[in-house]
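Asks: quick check, what structure comes out for this input:
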Amino acid sequence: MFSEIESLDRVFEQIAGAVAGTKVLTLSPTGDTFESPNSLTAGAVIEVSQDMQALHDRLAEAVLPTATNAYHDPADFVAHLTYYQQIPESVQEFGSRITGEFELAEFIVDGVTLMGRVGTASEGEWRVVREFPFGG
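Replies: Numbering: from 1, shown residues only. All right, here's what the predicted structure looks like:
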């Protein structure tokens, strides 16, 4: 996650360059799930293949010079599929049950979606900024 982006146009160019030539990725869940300590976020851990790691590294290398890294070292990459994020307290039990019962199978990914938060870090709304299909 990045903040203080100097130029969205430059980030768009950098991401497009990083995904160019990437082929469709087949991703496999490890069977492990995670849940944040406050139960507001949960997801499935995904096995990191060499192709996925290479794409992650290219994306980090492309975006890091143009923004501030908001969280942790990109080398501490944990691939995951988020089931839910920042759900209201009233549905946390339901979310936890779904996470425990959901059976995720192997799936394909054919692009990268850049998401952005409009508003504050804690209460802003996530929106799709731009999609970058893989180039081959």
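Asks: next, count neighbours for I46.
Replies: By other CB atoms under 10 Å, the residues close to I46 number 21. In short, each C-beta sits where N, CA and C put it, glycine included.
Asks: how near is the closest residue to it other than its chain neighbours to R97?
Replies: Spatially, and ignoring its direct neighbours in sequence, I46 is nearest to A79 (4.0 Å; CB to CB, 6 or more residues apart in numbering). Per CB to CB, to the nearest Å, A79 is found 24 Å from R97.
Asks: do I have it right that V78 meets V45?
Replies: Yes: counting by CB atoms under 8 Å, V45 is a contact partner of V78 at 6.8 Å.
Asks: tell me which of those two has more neighbours.
Replies: Higher neighbour count among V78 and V45: V45, with 16 against 10, using other CB under 10 Å.
Asks: ok, the helix or strand where that one lies: who's next to it in the sheet?
Replies: With elements taken from DSSP states H and E, the one containing V45 is strand 41-46. The strands beside strand 41-46 in its sheet (DSSP bridges) come out as strand 29-35 (antiparallel), strand 80-85 (antiparallel).
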